[in-house]
Structures are given as structure tokens and as C-alpha cells.
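A.B. asks: Sequence plus the predicted model coming up.
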Amino acid sequence: MSRVKDELQLGCIRLRMIPVLDDNFIYLLDDGEKAILIDAGDAKPVLEIVRTESLTLLQTLITHDHADHTAGCHVLQKELGVLARSPGVIERDEEWLGCRCEVVSTPGHMKVHKSFYFPELSLVFTGDALINGACGRLLGGTASELFRSLQWMASLPGETRVFGGHDYLLENLRFATALEFSVSAVERRRQQYKSNPMMALFATVEEERKTNPFLSCASAVEFAALRARKDCF
């Protein structure tokens, strides 16, 4: 049985949000013939899809080198001959499936962390930097770095939809509620998770601005204090 949880059709491009491991997501973009993968925590569901649909997987784009985002890379290389693009590769604009992809350095969660922004599709894949209603822990990077990374993400067009690396939404909204942050917007997102979990999880930048307290910080110092408070929550 397919493990695809949901998908979006964006013109001729299909995006599939695939749950793997305990709470991770990996993302498969395809045009009906060719595909790219964002992160690879598990190869099995990807192999199932590309073989069933005769897709050619061009490359795996890795946001950061944590095992829950990379564990499937070796199998995909062995089975399909597909190389994974290291997050250590210098950022530059690329083109995949006929769409421009901006490869942006977004450190903080780790010292080396990339995000992949597709402006024509209004999508950004943020790994463990921005994660549905909050942000990643500091596991190698600094608070100042992650603050700047989140500021860049918050500056994207409001209709841009955000695809992070995990489903931590309910816990993150619980933290926002404890802060009494944007109470009505946070509650709306919580209720949306019950009726339409994919839209609540993969919210727009505008919705993140309204419900994510980390995007409201005015300084790196304020952000560091909030991140420390979340670590103990």
C-alpha cells in the first residue's frame, strides 16, 4: 500500500508529501516523467512510487546531514543510481522540472543547512529550520544564524507554502498557546489540523507569520531567549 499521505497539483508539477519514520516528511516533485526528492529519511516509499509510475528520479536534494533526512540516500543510489546533493554544496540557482530553484543557506539548526525555494511554484522546503509553527533546535548552529534564516523565510511572499521536515504542529501550537501568542489564529490552525491536517501542517508564509511566535522576534537576543524557553517546554 502506498505511504503517500497527500499531494498537491501545481500546474504540470505534482508534489507528494510522504510521511516516513516517526514524524518526518520527505517530498517528491514530478512532472509525470522525471522527479526530484527533497530529503530521504527512508527509501522504501520512494522506490515504490518511482517504480510503479516509471518515473526517473533525477536527484535527491538534502537540507541537512541528520540521519532522519539522509538514511535512504545510499539505497536510492544503489537501486536507482541517484546521487544525493550534499547541503555543503555552494548555494546557487538551479532548474528542476522546468522550474527555478533557489538554493539558500539557512543555518542555525545545524551549521550547514539549506532550504530550497521554488518561486514559480510558491513553495519552500525548509528542513528543520522552520517547522510548522516553530523552528528547529540549535544542534550545531547559533541562535543568531537561525534568527537570520527565519527572517529570510518570513520575508518570502505570503502565499508561499512552507514544507518543513517534521510534523510537530500540535506541540508547537501548544507552546504558542502557553505564550498567549496570537490566540485566535493559533486556535484556528489547531482546528484546521483536525479537518484538513495537510493544509494546517503545510501552511503559507502568511499563516506562519500569524501563528509562529519565533517569526515575531525583533532581535536575535529575543529569539535566543524564546528558543531556550521552548527547549524546556
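C.D. replies: Right, received. Where do you want to start?
A.B. asks: So, low pLDDT: which residues of the protein?
C.D. replies: For the chain, the stretches with pLDDT under 70 are 1-5, 90.
A.B. asks: Apply 80 and report the result again.
C.D. replies: Applying pLDDT under 80 to the chain picks out residues 1-5, 89-91.
A.B. asks: Just want the most central residue of it.
C.D. replies: Nearest residue to the geometric centre of the chain (Cα atoms, centre = their mean): G164, 2.1 Å.
A.B. asks: so what's it bridging to?
C.D. replies: Note on G164: beta-bridge partners G127, judged by DSSP bridges.
A.B. asks: just checking, it touches G133?
C.D. replies: No - G164 is beyond contact range of G133, at 9.3 Å (criterion: Cβ atoms under 8 Å). For glycine as for every other residue, the C-beta is placed from the backbone atoms N, C-alpha and C.
A.B. asks: mind listing what the residue nearest to the centre of the chain touches?
C.D. replies: Neighbouring residues of G164 by Cβ atoms under 8 Å, 6 or more residues apart in numbering: 25, 125-132.
A.B. asks: Secondary structure of G141: a strand, I assume?
C.D. replies: No - assessed with DSSP: H, G, I helix; E, B strand; the rest coil, G141 is coil; it does not lie in a strand.
A.B. asks: wait, it sits on H113?
C.D. replies: Yes - contact status for G141 versus H113: in contact at 6.9 Å, counting by Cβ under 8 Å.
A.B. asks: shared neighbours of those two, anything?
C.D. replies: Contacts common to G141 and H113, judged by Cβ under 8 Å, 6+ apart, are P107.
A.B. asks: With neighbour numbers in mind, choose between the two.
C.D. replies: H113 (28 against 21; other Cβ atoms under 10 Å).
A.B. asks: which SS state does the closest residue to the more buried one other than its chain neighbours fall under?
C.D. replies: Excluding its sequence neighbours, the residue lying closest to H113 (Cβ to Cβ, 6 or more residues apart in numbering) is H64, at 4.4 Å. Three-state assignment for H64 (three-state DSSP): coil.
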